[in-house]
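> sequence? don't have it. structure:
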Ligand code: CA
């Protein structure tokens, strides 16, 4: 697996490159935002937010525009990032410096596992036909979503979230279960992240009724097979 490491501090980057290469990863190391945007993102990006030339959040967003590969953001506490905003920019996970090497590798594996499942052309058991959820169609094979036939662009996380809810339309899924399945068992961030992703999904789907909040419990897809009632 090829990793693009974006880190301007050699005292952090050098041991990371060594350590990750020992784990069998192929590393490309760049030290500026401009170089990051010109580099081949490989299979995963590790992105330091405090870069000398460009705002790391801008780099994150631009990387996400050009690639679907997972992005793990690494940030110093002093960067005072808005974590929720960061996930909205398309980061798949993040780590606060200082972090342990083993923790980093565990996160990378978790993110890679989810993304490998997502990138597999047709993982066993997935239906070929797109699902229809009211006005929304969801194609698991191509990871494309459309509303009334018009394609909408979801972040990888938003797609995962919708796909997870769509596994059992109508069923109530608890917040804990969604966080565990769509993010990670070891996710330690605020569960607000879930609400933020739900809010942006609803906005993109132009259908606030599809995803129903079950107060105090979680969410469900409100799919009425008889057609919408007014
Ligand atoms: Ca830095």
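Arrived safely. Here the structure is a predicted model, which is why all the values come from computation and not from measurement.
> What pLDDT is listed against the closest residue in space to residue 218 that isn't next to it in sequence?
Spatial nearest neighbour of residue 218, excluding adjacent residues (Cβ to Cβ, 6 or more residues apart in numbering): residue 174 at 4.2 Å. Every residue, glycine included, has its C-beta placed from N, CA and C. Looking at residue 174, its pLDDT reads 90.
> Distance check, residue 174 against the ion.
As judged by Cβ to the ion, to the nearest Å, residue 174 and the ion stand 38 Å apart.
> Look up how far residue 216 lies from that residue.
To residue 216, residue 174 is 10 Å away according to Cβ to Cβ, to the nearest Å.
> who touches both of the two?
Shared contacts of residue 174 and residue 216 (Cβ atoms under 8 Å, 6 or more residues apart in numbering): none.
> More neighbours: the two, which one.
Taking other Cβ atoms under 10 Å, residue 174 and residue 216 do not tie; residue 174 has more neighbours (13 against 7).
> pLDDT score for residue 208?
So residue 208 comes in at 65 (pLDDT).
> scratch that, residue 128
Model confidence at residue 128, given as pLDDT, is 60.
> Give me the residues contacting the helix or strand containing residue 46.
Residue 46 belongs to strand 44-48 when elements are defined using DSSP states H and E. Contact with strand 44-48 is made by 1-9, 12, 16, 36, 56, 59-60, 63, 67, 69-75, 91, 104, 108, 111-112, 115, as judged by Cβ under 8 Å, 6+ apart.
> Can you tell me which residues in this protein are near the ion?
Within the chain, the positions near the ion by Cβ under 5 Å from the ion are 8, 48, 50.
> Considering those residues, which possesses the most neighbours?
Greatest neighbour count in those, by other Cβ under 10 Å, goes to residue 48: 23 neighbours.
> ok, the spatially closest residue to it that is not a sequence neighbour - contacts?
Once flanking residues are discounted, residue 48 sits nearest to residue 7: 4.4 Å by Cβ to Cβ, 6+ apart. Contact partners of residue 7, counting by Cβ under 8 Å, 6+ apart, are 13, 16, 29, 31, 46, 48, 74.
> Make CSV from those residues and add secondary structure to it.
Shown next, in CSV, are these (DSSP: H, G, I helix; E, B strand; the rest coil):
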residue, secondary structure
13, helix
16, helix
29, strand
31, coil
46, strand
48, strand
74, strand
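> ok, those residues vs the ion, which is closest?
residue 48 (4.5 Å; Cβ to the ion).
> in the sheet, who's paired with that closest one?
According to DSSP bridges, the partner residues bridging residue 48 are residue 74.
> Same question for residue 55.
residue 50.
> so where's the chain shaky on pLDDT?
Along the chain, the parts satisfying pLDDT under 70 run over 77-83, 117-128, 185-190, 207-208, 224-230.
> OK, contacts around the nearest residue to residue 57 once chain neighbours are set aside?
Of all residues not flanking residue 57 in the chain, residue 89 sits nearest, at 5.8 Å (Cβ to Cβ, 6+ apart). Going by Cβ under 8 Å, 6+ apart, residue 89 touches 57, 60, 61, 64.
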